[in-house]
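Asker: mind folding the following:
(one chain, ligands or ions: 2)
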Amino acid sequence: MSASGAAERSERPSRTAAVIPAAGRGVRLGPGTPKALRALGGVPMLVHAVRAMAGSRAVSLVVVVAPADGATEVRHLLDEYLQPGSTDVVVVPGGATRQESVRLGLAALPEDITTVLVHDAARPLVPVDTVDAVVAAVRDGAPAVVPGLPLADTVKQVDPRTGDRAGEPEPVTGTPERALLRAVQTPQGFDRATLAEAHAKIALEGEGATDDAGMVERLGVEVVVVPGHEEAFKVTRPLDLVLAEAVLARRRATDGF
Ligand code: CTP
Ligand code: MG
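Answerer: Ligands and ions are numbered 1, 2, ... in the order given. Got it, this is the predicted structure:
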């Protein structure tokens, strides 16, 4: 942080923004509409995700990173579904990888944002308490915070068989101790300057980073895990849509909304 930044810190209020990468196609979900625009309970998945972020009183701005050729459509969709409220929603076009999309979202943040959440559009049902817990941990001084849960399955490390050899038995090379592992979710929360530095310095090959906290780890900055929530699961494969519809049905039954 610059000298003037340090001097301003004490009097400057901490404003929090959420960046929602929503520019993926959703290949694993199968052909059709881009994943973030698919309906869940009759409402596009992205709308659920924006509501989840805007539902936290800490979040004053949401930046939605739309498919590069779909920013106008996404803007119209959000205007149709969202009630005008205290949270501004900005839409920017995304990139070819998640990492690139997040970078484009960060570039759209105004100067006065000091805390940033990065939240997958594909995690539409994250409860507001989880969002608030992540924000609180960042405001308490952690530069990088991820919600995570213990694993149900034991995990094996393997020598992968891909391409022509896909489906062949894969030799096991290790079994990490399950109690030491966490499956991480979003929103991941960051001190803005730390996340910006990670995105400026860390370039990953191929698919790019699928996890922003991993980029911050590569800077040598400490990342902490706070308790996640089972409803913050990522909609990735068709069965996840079935689960998401069931969660919504249960919420409707219990809150009558
Ligand atoms: N994402 C993005 N830009 C990309 C790729 C992904 O903004 N170029 C977003 C997705 O829209 C999603 C989040 O990153 O909200 C997590 O990615 P993932 O679950 O992998 O979604 P997709 O990439 O859309 O799905 P798939 O990998 O099955 O194609
Ligand atoms: Mg993907």
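Asker: would you agree residue 47 is in contact with residue 79?
Answerer: No. Using CB atoms under 8 Å, residue 47 makes no contact with residue 79, being 10.9 Å away. All C-beta spots, glycine's among them, are computed from the backbone N, C-alpha and C.
Asker: neighbour count winner among these two?
Answerer: The neighbour comparison of residue 47 against residue 79 (other CB atoms under 10 Å) goes to residue 47, with 21 against 11.
Asker: where does the more buried one land in three-state SS?
Answerer: Using DSSP: H, G, I helix; E, B strand; the rest coil, the structure places residue 47 in helix.
Asker: please name the residues that touch it.
Answerer: 77-78, 81-82 (CB atoms under 8 Å, 6 or more residues apart in numbering).
Asker: what's the answer for residue 33, then?
Answerer: Applying CB under 8 Å, 6+ apart to residue 33 gives no contacts.
Asker: check whether stretch 221-234 contacts ligand 1.
Answerer: Yes. Using CB under 6 Å from any ligand atom, a contact is recorded between stretch 221-234 and ligand 1, made by residue 234.
Asker: and residue 96, which of the three is it?
Answerer: coil.
Asker: just the pLDDT for it.
Answerer: Note for residue 96: predicted pLDDT of 95.
Asker: how near is it to residue 105?
Answerer: Residue 96 sits 14 Å away from residue 105, going by CB to CB, to the nearest Å.
Asker: and if you look at residue 200?
Answerer: Residue 200 is 14 Å from residue 105, by CB to CB.
Asker: higher neighbour count, these two?
Answerer: Per other CB under 10 Å, whichever of residue 200 and residue 105 has more neighbours is residue 105, with 29 against 10.
Asker: settle this for me: the more buried one is touching residue 65, isn't it.
Answerer: Yes. With contact defined as CB under 8 Å, residue 105 counts as touching residue 65 (4.4 Å).
Asker: now the common contact residues for those two.
Answerer: With CB under 8 Å, 6+ apart as the test, residue 105 and residue 65 both reach 19-21, 92, 94.
Asker: among the residues you listed, which lie within strands?
Answerer: 19-21, 92 (DSSP state E).
Asker: quick check, nearest of the residues you listed to ligand 1?
Answerer: Ligand 1 has its nearest neighbour among these in residue 21, at 3.1 Å by CB to the nearest ligand atom.
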